[in-house]
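Visitor: Build the 3D model from these lines:
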Amino acid sequence: MTKDEKSPSKLVKQTFDLVLIPMLAVLTALIIGGFIIVATDTNVYTAFEEGGLGVGLSAVGTSILVAYGSMFSGSVGSWRDISESLVASTPYIFAGLAVAVSFRGGLFNVGVEGQLILAVMASVYVGSRFPFLPWIIHLPLTILAGMAAGALWAGLAGYLKAKTGAHEVINTIMMNYIVYLFADWSLNGFLCRVPCSSPVSPPVLPSAYLPQFFYRLHLGFPLALMVAFGVWWLLFKTTIGFEIRTVGTNPNAARYGGIQTTRVMVMTMALSGALAGLAGASELLGVNRVLASGFSSGYGFDAIALALLGRSHPLGVVLASLLFGTLRSGATRMQSLASIPTDIISIIQALVIVFIAAPAIIRWVYRVKAKGTDEGSTVLVQGWGS
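Guide: Next up is the predicted model:
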């Protein structure tokens, strides 16, 4: 790195260039979401019909302000609301890191949802048994069970990719459905709470709870931040991380350089699955305490957007997860106060995915010049989402 590249102004410009497109993508999604809110608000149509253009335009502004204002107050309006937003962000951080790690390794783990659910099944099985174990042993054992289940399930997809060339996207999608059906069967069978009158697992024992220390905010949130730091250190400060990023950039060159690409691919997917397992275990042990049908609300699929929004960097994933957690937490208040359905938040998240996946749209709308488009610049192959 040259002396000029180390200068504070240069670092600030590089950081700004890195976050500019994601910030504009979120802003654009919120603007379009505002149009959708107005288009679905019957009070706006009534105002135009009865009061004319002036009253109608005033109703448009009021509709947007009430909707987003209630969402904001419901997510950060009080310390309790902030704690709920952080609780909602916790599984997002783990799941987003899971996808980001696979992206860095040049793999696309679409199976985070299935790995998460399988991890919850393993965690609830261990966490609802062994009442004689103390908290200091039972809680780590329950978390490790979830991580191991996610790692083994994702590692299988990585092995198939490395050994047979079977595409990990197809494998992980199909493996998701295997987990869904297996979970439904289990909740009506060996994993069902006795007497088995409904598809719900036995509750996790208190010795396996993640302690809560601020309203409902539990130990999973600081654990997620520590794991994010650990993932950053692994990817950018260790030989293993260098191998993962090298294979993700160019597996042929990595193989020529002596890196065992098969081992790295399996290891990358296993690490991704372990992080997905942490997402499920944290939500189970910190919030729900039981496994029921529909346990996950799409965390695994939202994680793809988080990794894209965070540019597959742990810090970016954490910030994107806090954003999505805030949106998710404020959606309930928005629905109760402004009568705006929570599906609007899902639409906004989907729009963020679209604009991040197709940054040319954002660059065209805001006239932002793409980096590396100067004549004579070199374009390098990169892994997914980087």
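
Visitor: Can you name the next helix or strand after the helix or strand where residue 37 lies?
Guide: Assigning secondary structure by DSSP states H and E places residue 37 in helix 8-39. Next along the chain after helix 8-39, taking DSSP H and E as the criterion, comes helix 42-76.

Visitor: helices or strands next to that following helix in the packing?
Guide: Taking 3 or more CB pairs under 8 Å, 6 or more residues apart in numbering; DSSP states H and E as contact, the helices and strands that helix 42-76 lies on are helix 8-39, helix 79-104, helix 314-338. Backbone N, C-alpha and C define where each C-beta goes, glycine included.

Visitor: Compute the inter-axis angle for the second one and helix 42-76.
Guide: Just to be clear, that refers to helix 79-104. 90 degrees (axes from the mean of the first three to the mean of the last three CA atoms, to 10 degrees).

Visitor: between helix 79-104 and helix 314-338, what angle do the directions make?
Guide: Using the same axes, to 10 degrees, helix 79-104 lies at 140 degrees relative to helix 314-338.

Visitor: Report the buried residues of helix 79-104.
Guide: Using 16 or more other CB atoms under 10 Å as the test for burial, helix 79-104 gives 81-104.

Visitor: Report the rounded mean pLDDT for that helix.
Guide: Helix 79-104 shows a mean pLDDT of 94.

Visitor: elements contacting it?
Guide: Other helices and strands packing on helix 79-104, by 3+ CB pairs under 8 Å, 6+ apart, are helix 42-76, helix 112-127, strand 217-218, helix 220-237, helix 239-249, helix 261-283, helix 299-309, helix 314-338.

Visitor: okay if I get the ones you listed as a markdown table plus mean neighbour count and mean pLDDT?
Guide: Formatted as a markdown table, those follow (neighbours: other CB atoms under 10 Å; pLDDT from 0 to 100):
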| stretch | mean neighbour count | mean pLDDT |
| --- | --- | --- |
| helix 42-76 | 16 | 86 |
| helix 112-127 | 28 | 94 |
| strand 217-218 | 22 | 94 |
| helix 220-237 | 17 | 96 |
| helix 239-249 | 20 | 94 |
| helix 261-283 | 27 | 95 |
| helix 299-309 | 27 | 88 |
| helix 314-338 | 22 | 87 |
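
Visitor: With respect to residue 194, which of these lies nearest?
Guide: Closest approach to residue 194 among the helices and strands packed on helix 79-104 (CB to CB): helix 112-127, 14.1 Å.

Visitor: and the angle from that closest one to helix 299-309?
Guide: Using the same axes, to 10 degrees: helix 112-127 against helix 299-309 is 130 degrees.

Visitor: Tell me which other helices or strands helix 112-127 touches.
Guide: helix 79-104, helix 135-164, helix 168-187, helix 261-283, helix 299-309.

Visitor: Spatially central, which residue of the chain would that be?
Guide: residue 303 (2.8 Å; CA atoms, centre = their mean).

Visitor: For that one, which non-adjacent residue is closest in space?
Guide: Counting by CB to CB, 6 or more residues apart in numbering, residue 95 is the residue found nearest to residue 303 once chain neighbours are left out, at 3.6 Å.

Visitor: I'd say that neighbour and residue 298 touch.
Guide: No: if you go by CB atoms under 8 Å, residue 95 and residue 298 don't touch, sitting 9.8 Å apart.

Visitor: what does the average pLDDT come to for the helix holding residue 37?
Guide: Here the average pLDDT along helix 8-39 is 79.

Visitor: before we move on, back to that, and the residue nearest to residue 303, what is it in contact with?
Guide: 112, 116, 275, 276, 279, 299, 300, 302, 303, 306 (CB atoms under 8 Å, 6 or more residues apart in numbering).

Visitor: can we see that at 6 Å?
Guide: 112, 279, 299, 300, 303 (CB atoms under 6 Å, 6 or more residues apart in numbering).

Visitor: Dump those residues to CSV, plus distance to residue 258.
Guide: Compiled in CSV, those are given as follows (distance: CB to CB, whole Å):
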residue, distance to residue 258
112, 31
279, 34
299, 37
300, 34
303, 32
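
Visitor: Tell me the one of those residues nearest residue 32?
Guide: Closest to residue 32, out of all of these and judged by CB to CB, is residue 303, at 22.4 Å.

Visitor: Residue 93 versus the closest one, what's the distance?
Guide: Using CB to CB, to the nearest Å, we find residue 303 at a distance of 9 Å from residue 93.

Visitor: before we move on, what about residue 112?
Guide: Residue 112 is 13 Å from residue 93, by CB to CB.

Visitor: before we move on, what about residue 327?
Guide: Taken as CB to CB, the span from residue 327 to residue 93 is 15 Å.

Visitor: For residue 66, which non-adjacent residue is closest in space?
Guide: Here the residue nearest residue 66, using CB to CB, 6+ apart, is residue 338, at 4.7 Å.

Visitor: check contacts around the one you found.
Guide: Per CB under 6 Å, 6+ apart, neighbours of residue 338: 66, 67, 70.

Visitor: Equivalent analysis for residue 121, please.
Guide: Counting by CB under 6 Å, 6+ apart, residue 121 has no contacts.

Visitor: related to what we said a few turns ago, what's the separation between the residue nearest to residue 303 and residue 299?
Guide: Distance from residue 95 to residue 299, by CB to CB: 5 Å.

Visitor: which residues are common contacts for those two?
Guide: residue 279.

Visitor: do you know how far the closest residue to residue 244 other than its chain neighbours is from residue 84?
Guide: Nearest non-adjacent residue to residue 244, counting by CB to CB, 6+ apart: residue 105, 4.7 Å away. Distance from residue 105 to residue 84, counting by CB to CB: 34 Å.
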